[in-house]
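Student: This is the structure alone, sequence omitted:
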């Protein structure tokens, strides 16, 4: 994921938890399919997987970002 962050400015991974909220897996996401947004004062990540769009709260995403002008998205 660090290579994506360095080359593209951003790398994202989805945190999968079990029913007890313990870490189960970390899944890398295609950075071209992720858009970070602030909605109602909260940072969320919109992820497109084909025609399906999902919204994840910041607590479910690991975001490695490069230098940033807005603090949300990194620059390559």
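Tutor: Now that the structure is in, tell me what you want to look at. All values reported here derive from a predicted model rather than from experimental measurement.
Student: Is residue 28 bridged to anything, and to what?
Tutor: Bridge pairing for residue 28 (DSSP bridges) gives the partners residue 13.
Student: That one - how many residues pack around it?
Tutor: Residues lying near residue 28 (other Cβ atoms under 10 Å) number 12. Every residue, glycine included, has its C-beta placed from N, CA and C.
Student: and it, how far is that from residue 42?
Tutor: 23 Å (Cβ to Cβ, to the nearest Å).
Student: Then residue 52?
Tutor: With Cβ to Cβ as the criterion, residue 52 and residue 42 are 22 Å apart.
Student: Have a look at these two and say which one is more surrounded.
Tutor: residue 42 (10 against 7).
Student: Check the contact between the more buried one and residue 59; I expect there is one.
Tutor: No - counting by Cβ atoms under 8 Å, residue 42 does not reach residue 59; the two are 9.8 Å apart.
Student: centre of the chain versus stretch 17-34, how much separation?
Tutor: The chain centroid and the centroid of stretch 17-34 are separated by 9 Å under Cα atoms, centre = their mean, to the nearest Å.
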